[in-house]
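[1] build me a model:
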Amino acid sequence: MTASTVDRRAPLGAAPAPSPLGLVLRGARKVAEALATPLVPDDYLDLFDPLRGGAELRGRIVEIRPETADAATIVIRPGRDWAGHLPGQYIRIGVDINGVRHWRAYSLTHRADTAATSDGTISITTKAIPDGLVSGFLVREARPGTLVHLDQATGDFTLPTPAPRRILFLTAGSGITPVMGMLRNHLPELGEVAHVHCAPRREDVIFRSELESYAASGHLALSLRLDDEHGVLDLGRDLDTLVPDWRDREVWVCGPAGLLDAAESHWAAAGLAEALHVERFRPTLVEPGDGGEITFLTTDVTVDADGGTTILDAGEEAGVLMPSGCRMGICFGCVVTMRQGAVRDLRTGDITTAEPGEEVAIQTCINAVAGSCDLEL
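    Here you go, the predicted model:
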């Protein structure tokens, strides 16, 4: 090697020297981070590529398809980190309304096609309930292009592998949604399937044409139970007529709390509780307490809440960003520390207290304030 020769071989194991272009880009990134403080360039990437891998999971609405006068299917293209789902599972969707992010759980209803044939979209189907902030927004106000926040799919209201040869689906209202996910993905491979679905009127039946086509093809024994024609379903009186062999079937039930409670009682009385699979999106509540004042210590926000509103809902309504998960008391993703005060479990009525100086972990999705409480998020 002559004096004018430079050895450009890096020592074994050393990182290669950055190129001039790399140095320029690195410097530009540092300048951008400085100018963006307290934001970083990733925050700006969200504006241009919100569905990119590694980002907070989001989705973009690509279609809103009416199903009935007050229900619609929302077709969403999820971000690249979407992990897929099992038919019957649900996701939580977050929408920002008037500066507050609201989360709700919805069953997935799309056909989970193979990667080779899928267009990459997922779908939920929701009914706009009276005073339903999120359901009303999705059905009436959202438009293609709207961004929503997503969680990964979860839930065990699914069919086992292999599926039982004799199945009964019992649904009412929008409780049809997880079952429709199962039917769209599993029906051709299932054995004897009976389906009893309840609705106020024929025009209120979500997916009615599709259900009737399954029945016409012989894949499904369908019984539409319409309140205005047949009266409200009474399991003790009607089930033996609608599905005479219901005792020999494994059953999946989803719908309003009244139907779920009745099904649990009916199958338990028959000694067949182990054959029943129930999907509840909200816990069964007891008579609410008196409510009171909630202080979120780390945010200096204090709100008054009634005894029937969960701490999680009260905080989110006040604009407090709170941890959450299933919103049903199952996953413990909403646990915070109560420094002092009292809360009431809305499922059981049990009171949990914390004296000043104590640290008591509580779940905000199933507890309401009972007097007052100071919480550290």
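
[2] switch to C-alpha atoms for all contacts and neighbour counts from now on
    Fine.

[3] give me the phi and psi for His186.
    phi -120, psi -10 (degrees, to the nearest 10).

[4] what's the neighbour count on it?
    14 (other C-alpha atoms under 10 Å).

[5] do the one 3 residues further on as well
    Glu189: 11 surrounding residues under other C-alpha under 10 Å.

[6] could you report the pLDDT at it?
    pLDDT recorded at Glu189 is 90.

[7] and the one 5 residues further on, by the same measure?
    Per-residue confidence (pLDDT) for Ala194: 98.

[8] and if you look at the one 10 residues further on?
    According to the model's per-residue confidence, Asp204 sits at a pLDDT of 96.

[9] what about it, neighbour count?
    18.

[10] just Asp131 next, same as before
    Residues near Asp131, counting by other C-alpha under 10 Å, number 8.

[11] go on, Leu220?
    21.

[12] that one is in contact with Gly191, isn't it?
    No: between Leu220 and Gly191 there is no contact, the gap being 9.3 Å when judged by C-alpha atoms under 8 Å.

[13] for the protein, give me the ranges with low pLDDT.
    Per-residue confidence for the chain (pLDDT under 70) gives these ranges: 1-48, 113-118, 281-289.

[14] so where do the helices sit in it?
    For the chain, the helices defined by DSSP state H cover 20-36, 41-48, 133-136, 176-186, 208-216, 227-230, 235-242, 257-269, 311-317.

[15] show me what the last one is packed up against.
    Spelled out, it's helix 311-317. strand 100-107, strand 301-307, strand 367-376 (3 or more C-alpha pairs under 8 Å, 6 or more residues apart in numbering; DSSP states H and E).

[16] just want the angle from the shortest one to strand 367-376.
    Going back to what we said before, that points to strand 301-307. For strand 301-307 against strand 367-376, the angle by axes from the mean of the first three to the mean of the last three C-alpha atoms, to 10 degrees is 160 degrees.

[17] what's in contact with strand 301-307?
    288-296, 311, 314-315, 318, 320, 368-370 (C-alpha atoms under 8 Å, 6 or more residues apart in numbering).

[18] now that we have these, which of them are buried?
    With neighbours counted using 16 or more other C-alpha atoms under 10 Å, those contain these buried positions: 288-289, 291-296, 311, 314-315, 320, 368-370.

[19] bridging residues for Asp374?
    Beta bridges link Asp374 to Thr295, Gln340, judged by DSSP bridges.

[20] again but with Thr125, I slipped
    Bridge pairing for Thr125 - DSSP bridges - gives Thr73.

[21] from Arg201, how far out is it?
    Note on Thr125: its distance to Arg201, by C-alpha to C-alpha, to the nearest Å, is 18 Å.

[22] how about Cys334?
    Distance, Cys334 to Arg201, using C-alpha to C-alpha: 39 Å.

[23] Thr125 and Arg201: which is more packed in?
    Thr125 (28 against 14).

[24] ok, the more buried one touching Ile76?
    No: here Thr125 does not reach Ile76: they are 11.0 Å apart, not a contact under C-alpha under 8 Å.

[25] sorry, back to before: need the helices and strands packed on helix 311-317 in JSON lines with distance to Gly84, can you?
    Output for the helices and strands packed on helix 311-317, formatted as JSON lines (distance: least, C-alpha to C-alpha, whole Å):
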{"stretch": "strand 100-107", "distance to Gly84": "13"}
{"stretch": "strand 301-307", "distance to Gly84": "37"}
{"stretch": "strand 367-376", "distance to Gly84": "31"}
